[in-house]
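Engineer: How does the following fold in three dimensions:
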Amino acid sequence: MPMVHLLVPHSMPQAKRQSVSEGVHQALADTLGVPGNGMFQLITAYDETNIAMSPDFLGVPRGPNFVFIQISVMNARTNEEKRALMRAVRTNLAARAGLGNEDMMINLAESDAANWFCVVK
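Structural biologist: Numbers count the residues shown, from 1 in each chain. Predicted coordinates:
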């Protein structure tokens, strides 16, 4: 199962954070088949004193609602599945949380199964 780390602005209301969380998980379910009980997310709220980023990073103005999404998975996905996941996250966050593409960055971090440990049934 993927592990998701969401970095959200401290000023983002809890309801909007929940919308971001649910939108990411729904994208994982829709594109990678992650079940409803397969959610594992760390949500970290940052303030302006603990993020260092150019306001126009990569040539795109970044606003106060900037969300960084890191999804860690085992490297078993095709490029098309990864592209579909990125599209679904962007679509869901626009619809559920009102975030534009400039308000988010998504990083898919892949590693071999040997790099993971978790007790499972």
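
Engineer: Quick check: which element contains the residue nearest the centre of the chain?
Structural biologist: Taking C-alpha atoms, centre = their mean as the criterion, I69 is the residue nearest the geometric centre of the chain, at 3.0 Å. Per DSSP states H and E, I69 falls inside strand 67-74.

Engineer: which residues in the chain form strands?
Structural biologist: 3-9, 41-46, 67-74, 104-111 (DSSP state E).

Engineer: Export those strands as CSV, with columns for distance to E81 and mean pLDDT.
Structural biologist: Where C-beta positions appear, they are placed from N, C-alpha and C, glycine not excepted. Shown next, in CSV, are the strands of the chain (distance: least, C-beta to C-beta, whole Å; pLDDT from 0 to 100):
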stretch, distance to E81, mean pLDDT
strand 3-9, 16, 96
strand 41-46, 20, 96
strand 67-74, 10, 95
strand 104-111, 10, 94
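
Engineer: As JSON lines, these with distance to S54 would be great.
Structural biologist: Putting these into JSON lines (distance: least, C-beta to C-beta, whole Å) gives the following:
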{"stretch": "strand 3-9", "distance to S54": "16"}
{"stretch": "strand 41-46", "distance to S54": "16"}
{"stretch": "strand 67-74", "distance to S54": "14"}
{"stretch": "strand 104-111", "distance to S54": "12"}
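
Engineer: Name the residues linked to the residue nearest to the centre of the chain by a beta bridge.
Structural biologist: I69 has these beta-bridge partners by DSSP bridges: L6, I106.

Engineer: Any buried residues in the strand holding I69, and which?
Structural biologist: V67, F68, I69, I71, S72, V73 (16 or more other C-beta atoms under 10 Å).
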